[in-house]
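>>> quick one, fold the following:
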Amino acid sequence: MRKKLIGEYGIFESSVAIFSFGFFCYLNYLFFKGVYDGGVVTEEIYFMIVFINLIGLVVVSLPFLTRKAEGVSNEKVRIFLDLPDKDSKFTFSAISGFLGDQALAAFLMSLLIFTGKQVFESFGVVIAAFYVVALFVAAIVLGCLSLIRFITHFAKHHGAFYALAAILSTGVMFAFLNAGLRMAA
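Below you'll find the predicted structure:
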């Protein structure tokens, strides 16, 4: 049983949460200090502050979401994600499914940039920030769930082989997400 410091967070998670909270507070401090000192607050700066605070809200709500997710049975999650059985073979369809899911996440990131600019111009800063956060979180969740499905194939192997597969496939995931962002920018 691990020691819990803050809610569901252990020592490492608590340290990351405290660091992240401090970073978000510092960014907000810089923003309000700039406003107080008479600095010009452009729509882009206002968008970034709202965006960063919304992402911070998502990060802060993770323990609550984790606690809610614990109520769902592991069997339901395994069926929903179509996780492979321990004795299943690694096939080409596992690779193509992973790459297809990653391409979809990259497409969402591209869509985020293209449509995010239009939402920003048409509906304003706050609506655009909510829209971009929703697409951003959806793309990251989709990419991560695809990653989980893929590396589960390697869980039955030696830890070093599993770690190598996890690192390489995570690199592929971030390469796809980065490509989606660069194509749209």
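>>> CA atoms for contacts and neighbours, from now on please.
Fine.
>>> and the closest residue to Ala103 other than its chain neighbours, how many neighbours?
The shortest distance from Ala103 to any non-neighbouring residue, by C-alpha to C-alpha, 6 or more residues apart in numbering, is to Phe176 (6.4 Å). Burial measure for Phe176: 22 neighbouring residues, criterion other C-alpha atoms under 10 Å.
>>> what packs against the helix or strand hosting Phe80?
Assessed by DSSP states H and E, Phe80 sits inside helix 74-81. Here helix 74-81 touches no other helix or strand, going by 3 or more C-alpha pairs under 8 Å, 6 or more residues apart in numbering; DSSP states H and E.
>>> could you redo the last one with a cut-off of 10 Å?
Judged by 3 or more C-alpha pairs under 10 Å, 6 or more residues apart in numbering; DSSP states H and E, helix 74-81 is in contact with helix 125-151.
>>> sort out which residues of the helix or strand just after the helix it packs on are buried, please.
With elements assigned by DSSP H and E, the helix or strand that comes after helix 125-151 is helix 159-184. Buried residues in helix 159-184, counted by 16 or more other C-alpha atoms under 10 Å: 162, 165-166, 169-170, 172-174, 176-177, 179-181.
>>> and what of stretch 27-47?
By neighbour count with 16+ other C-alpha under 10 Å, stretch 27-47 contains the buried residues Asn28, Phe31, Phe47.
>>> between those, which is nearest Phe123?
Among the buried residues of stretch 27-47, Phe47 lies closest to Phe123 (C-alpha to C-alpha), at 12.0 Å.
>>> that closest one: what's it in contact with?
Asn53, Phe120, Gly124, Val125, Val126, Ile127, Ala128, Ala129, Phe130 (C-alpha atoms under 10 Å, 6 or more residues apart in numbering).
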